[in-house]
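# Quick one, fold the following:
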Amino acid sequence: MATEAQKWLALTAASVLLSLIVAEGVVRIIEPRAVLRKFFETSDHVFHHRLIPNARGRQKTTEFDAVYAINAFGLRSPEIAATKPAGVKRLLLLGDSFTEGVGVQASETYARHLQAALDGVRGSERWEVINAVVASYSPLLEYLFLKNRGLTLDPDVVILALDLSDFFDDIQYSALARFDDQGEPIAVTPPTDPVHSPAGRALVGVKDFLKYNTRTYNFVCRRLASLLAKRSLNFSGDVALDKYGALRGDPSALDDRSWWRTYDYLQRIHAVLKARDIEFWIAVYPYGLQISAKEWNTGRLFWGFEVNRVYSSHAQELVEAFGRRHGIHVVNMVSDFQEAARTTFPLYYDNDGHWRAAGHQVAAPSLYKALTAHMLQPEGAGTPTTVARSSIR
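This is a model prediction of the structure:
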């Protein structure tokens, strides 16, 4: 005969189970299934992580809900032919989450706006913009991608959108990388945490079952992730420890010597492309706190920045100086965003910090203007044409 304690435990278990079933039902009504990157992104033994070819999914937060359709090559880009068609020039974009378009639909990314603008250029050659970008990539991973896959697309121009967090990311990825005897990067393999005990394996199995078969688990994880991450953030200004270290401290004392890993990978990319007569450019862009005291205010608090302050863009100027020293053209988008911020708000998501669709509408003409001025004029043309933002939206 069951004791009172057993009856109480059974009732409690039944109540918890019923509550979970009700919660799952509610979440299924309000939340689609594939709202995490794991539905279209996976780990990789060479590139650390990559997008899954032909995958479909959504990345959803409290601020946005963006649909992802990955092409057969594993890119958030329209389908592309393995062999470059005759009469076509290819512009290959490398970068991280800003260029991938976190927070916006694929049609709203600056890659698509740039493609539309280039489609309007008169001439015998057609341009094809390939968005070969994966969130959280940095020049080390971009170098590996370019050597192993990107060059097979036969690009004529490669533009790498450098993020100020790349200096931190390159240090983290370099610690996981394998190099040959000459110091050449071979692969960046994500770490694994093997579970040896039966109890541990059972818990992992339960977690995986919930992750792939319930929506409540993912719903809760998305909301707890930022709180758990907050505990490990570093605001020291040291790019080896602080993701946004290049933005902190006295701008006049900012020193880019600690960025040497990233600079080394950029020079490796330049050398690989130069040997193949492929043009290489770097593009740098500002964060919201560098163009307006009103942008990214919630995110500032999370990352330890002051509100109602416009931060220096000296870091982007240092990248420009690096480019001049090494013969690499650098497009600095800061002034274009500062100009846009005078009449357009918001350009960035307040918490997440990535560009809204309006931000991509600034980035596209900023690049197009530079391309038109330096490379895309037909032979015999006169003064390079600049294009207003409104004409390529």
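# CA atoms for contacts and neighbours, from now on please.
Fine.
# tell me the helices in the stretch 101-250 of the chain, going along the chain?
Using DSSP state H, counting those that start in this stretch, the helices of the stretch 101-250 of the chain run over residues 110-119, 139-148, 166-176, 198-213, 216-230.
# Could you check how far residue 308 is from residue 116?
From residue 308 over to residue 116 the distance is 36 Å, taken as CA to CA, to the nearest Å.
# Those two: which is more packed in?
More neighbours sit around residue 116 than around the other of residue 308 and residue 116, counting by other CA atoms under 10 Å; the figures are 18 against 14.
# Contacts only, for residue 233.
Residue 233 makes contact with 242, 303 under the criterion CA atoms under 8 Å, 6 or more residues apart in numbering.
# Give me the pLDDT value at it.
With respect to pLDDT, residue 233 has a value of 87.
# cool, residue 374 as well?
Turning to residue 374, the model gives it a pLDDT of 75.
# when you give positions from now on, start the count at 630
Got it, the first residue is 630 from now on, which makes the last one we talked about residue 1003.
# what about it, how many neighbours?
Counted with other CA under 10 Å, the neighbours of residue 1003 add up to 11.
# same thing with residue 712?
Residues near residue 712, counting by other CA under 10 Å: 9.
# Quick one: residues contacting it.
Contacts for residue 712 (CA under 8 Å, 6+ apart) come out as 782, 783.
# so it, which of the three states?
Recorded secondary structure, residue 712: coil (DSSP: H, G, I helix; E, B strand; the rest coil).
# Next, it: phi, psi?
In this entry, residue 712 is assigned phi and psi values of phi -100, psi 130 (degrees, to the nearest 10).
# distance of it from residue 723?
Distance of residue 712 to residue 723, given as CA to CA: 19 Å.
# so where do the strands sit in this structure?
Per DSSP state E, the chain carries strands over the ranges 670-673, 677-680, 685-689, 694-698, 717-723, 755-760, 786-791, 806-808, 814-817, 908-913, 958-961.
# Looking at the ones you listed, which is nearest to residue 984?
Each of the strands of the chain was scored for nearness to residue 984 using CA to CA, and the closest is strand 694-698 (12.7 Å).
# Counting neighbours, which bits of that closest one end up buried?
Residues of strand 694-698 classed as buried: 695, 696, 697, 698 (neighbour count, 16 or more other CA atoms under 10 Å).
# Chain neighbours aside, what residue packs nearest to the second one?
Once its chain neighbours are removed from consideration, residue 696 has its nearest residue in residue 687; the separation is 4.4 Å (CA to CA, 6 or more residues apart in numbering).
# Please verify my assumption that that neighbour contacts residue 699.
No: the pair residue 687 / residue 699 is not scored as a contact, 11.0 Å apart, by CA atoms under 8 Å.
# Quick one: residues contacting the spatially most central residue of the chain.
By CA atoms, centre = their mean, the chain has its centre lying nearest to residue 726, at 1.3 Å. The neighbourhood of residue 726, defined by CA under 8 Å, 6+ apart, consists of 762, 763, 764, 765, 766, 983.
# how about low-confidence regions in the chain?
630-631, 645, 649, 652-653, 655-664, 753, 822-825, 828-860, 1004-1022 (pLDDT under 70).
# Between its first and last residues, how far does stretch 881-890 reach?
In stretch 881-890, first residue to last residue: 22 Å (CA to CA).
# I would like the residues contacting that stretch, please.
796, 799, 800, 868, 875, 943, 944, 947.
# What residues of it count as buried?
Of the residues in stretch 881-890, those scored as buried under the neighbour-count criterion (16+ other CA under 10 Å) are 883, 888, 890.
# likewise stretch 916-924?
For stretch 916-924, a neighbour-count test (16+ other CA under 10 Å) marks 916, 917, 918, 919, 920, 921, 923, 924 as buried.
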